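Visitor: okay, sequence plus prediction incoming.
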Amino acid sequence: MKYYIISGEVSGDLHGANLIKSIKKIDENAQFRVWGGDMMQNEGAVNVVHIKERAFMGFVEVFLNFFKIIKLIKLAKNDILKYQPDRLIFIDYPGFNLKIAAWANKKGFTTHYYISPKIWAWNTKRALKIKKIITKMYVILPFEKHFYKTFDYNVTYVGNPLIDEIENFIPYSDFLIKNNIGQKPIIALLPGSRRQEINLILPIMLNSVINYSDQYCIVLAVAQGYDFSYFDKFKNIEKVILIKDNTYNLLKNSYAAIVTSGTAALETAIFNVPQVVCYKTSFLNAFIAKFVLKVDFISLVNLIMNREVVKELLQNDLNEMNLKIEIDKILDTTNRNEILKSYKELKLIVGGSGASAKTAECIVYNKSIEQ
């Protein structure tokens, strides 16, 4: 069969690549045309537009790139019509995907959505629209199934694909040696993959954590698509070890972490690394978000647990003084033990592996499989 997949971020590219692997195991003749990145391309998919050309973040940036987005939407529609896929699959990326899905539904395509948009965080009534235009929804957070039930929409909980990714991960035995990391415990910095996030958040991370460089080794995870030279402009960067495409090896060896909110916060928790979650965006984006967000937390760890397990420092609260206070806490044995205890609960709630395989089976055979 022919499959058409649209994703919009590095995490979506990762989950899309794993989904492709799982589909190929049960459909030997599968062909893939995608809007993805390097990882889906490496699985043999034909990539229409790379994710790095579509990385629009926040209300303001979307507005400024409005006409470019309109052109991309038109391109996607024409390409889908020409390709005539047997299965049309969307991965997160709601601003773009829901527009394509509404059009595709009218054209008679069966629409599969893997990894629900976070509509429970704001504009919850969009669930009604999703119910009309998405044939089958596969969710990866346990509370999302209950959320959709309130709108009389039955979705399939498949578990979280990060569990698969981490269980399949094979650590490098020589990671510390290859990266010239000594015997000091590691504090990992995960500043995100978007330029706006990095430029706003990383300076605060660096200025706060550099005080610990005598006792700890500070290691920065560089996201896909960046050269080390991009980070030359940041103060104190010369006291930090930079690694690329090695985040899991870094987390496997880390004692603590400072993480920009997103998928990385959940990954850090699964690796049992106490963390502080940071987030900062432009004033205008934050102002708009203040009126539309309907959740008490922004990190997946706290959202899943429905309580504060890891500290979140957001906007004005994200400053050097506050971050130093919270770093001290995650380095303290008593606080660390509490966080690690909560991580155990988190893993039980999220469930075991197999999300990609379950989703692939649902999509290929058009059926539902419950976790």
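Guide: Now that the structure is in, tell me what you want to look at.
Visitor: now do the helices in the stretch 101-250 of the chain.
Guide: Listed from the start of the chain, the stretch 101-250 of the chain has helices (DSSP state H, counting those that start in this stretch) covering 126-133, 142-149, 161-167, 175-178, 195-209, 247-252.
Visitor: closest to T260 out of those helices?
Guide: Checking the helices of the stretch 101-250 of the chain against T260 by Cβ to Cβ gives helix 195-209 as the closest, at 5.4 Å. Any C-beta I mention is one placed from the backbone N, CA and C, and that applies to glycine too.
Visitor: packing partners for that closest one?
Guide: Based on contacts counted as 3 or more Cβ pairs under 8 Å, 6 or more residues apart in numbering; DSSP states H and E, the elements that helix 195-209 packs against are strand 186-190, strand 254-260, strand 275-279, helix 320-331.
Visitor: hmm, back to that, worst average pLDDT in the helices of the stretch 101-250 of the chain?
Guide: Between the helices of the stretch 101-250 of the chain, the lowest average pLDDT goes to helix 161-167, which shows a mean of 88.
Visitor: could you list the low-pLDDT ranges of the chain?
Guide: 53-67, 282-295, 368-371 (pLDDT under 70).
Visitor: give me phi/psi at the residue of it most remote from its centre?
Guide: Distance from the centre of the chain peaks at D214, with 32.2 Å (Cα atoms, centre = their mean). Summarising the backbone geometry of D214 under the convention degrees, to the nearest 10, its torsions are phi -70, psi -40.
Visitor: looking at the helices and strands packed on helix 195-209, which is buried most?
Guide: strand 275-279 (a mean of 27; mean count of other Cβ atoms under 10 Å).
Visitor: can you list the strands that that one pairs with?
Guide: strand 254-260 (parallel), strand 311-314 (parallel) (DSSP bridges).
Visitor: quick one: which of these is nearest N366?
Guide: Taking the strands paired with strand 275-279 one by one with Cβ to Cβ, strand 254-260 is closest: 37.6 Å.
Visitor: so which bits of stretch 37-46 are buried?
Guide: For stretch 37-46, a neighbour-count test (16 or more other Cβ atoms under 10 Å) marks G37, D38, M39, M40, Q41, E43, A45 as buried.
Visitor: distance between the ends of that stretch?
Guide: Stretch 37-46 has an end-to-end distance of 10 Å (criterion: Cα to Cα, to the nearest Å).
Visitor: same thing with stretch 180-197?
Guide: Terminal residues of stretch 180-197 are spaced 27 Å apart (Cα to Cα).
Visitor: same question, stretch 45-52
Guide: As for stretch 45-52, its first-to-last residue distance stands at 17 Å under the measure Cα to Cα.
Visitor: for the stretch 1-150 of the chain, what spans make up the strands?
Guide: Taking DSSP state E, counting those that start in this stretch as the criterion, the stretch 1-150 of the chain contains strands spanning 2-6, 31-35, 46-47, 87-91, 111-114, 136-139.
Visitor: any idea which of those strands gets closest to V259?
Guide: Counting by Cβ to Cβ, V259 lies closest to strand 87-91 out of the strands of the stretch 1-150 of the chain; the figure is 22.1 Å.
Visitor: list the buried ones in that closest one?
Guide: Along strand 87-91, the positions that meet the burial threshold by neighbour count (16+ other Cβ under 10 Å) are R87, L88, I89, F90, I91.
Visitor: and which of these is nearest to F151?
Guide: Of all the buried residues of strand 87-91, F151 sits closest to F90, with 18.3 Å by Cβ to Cβ.
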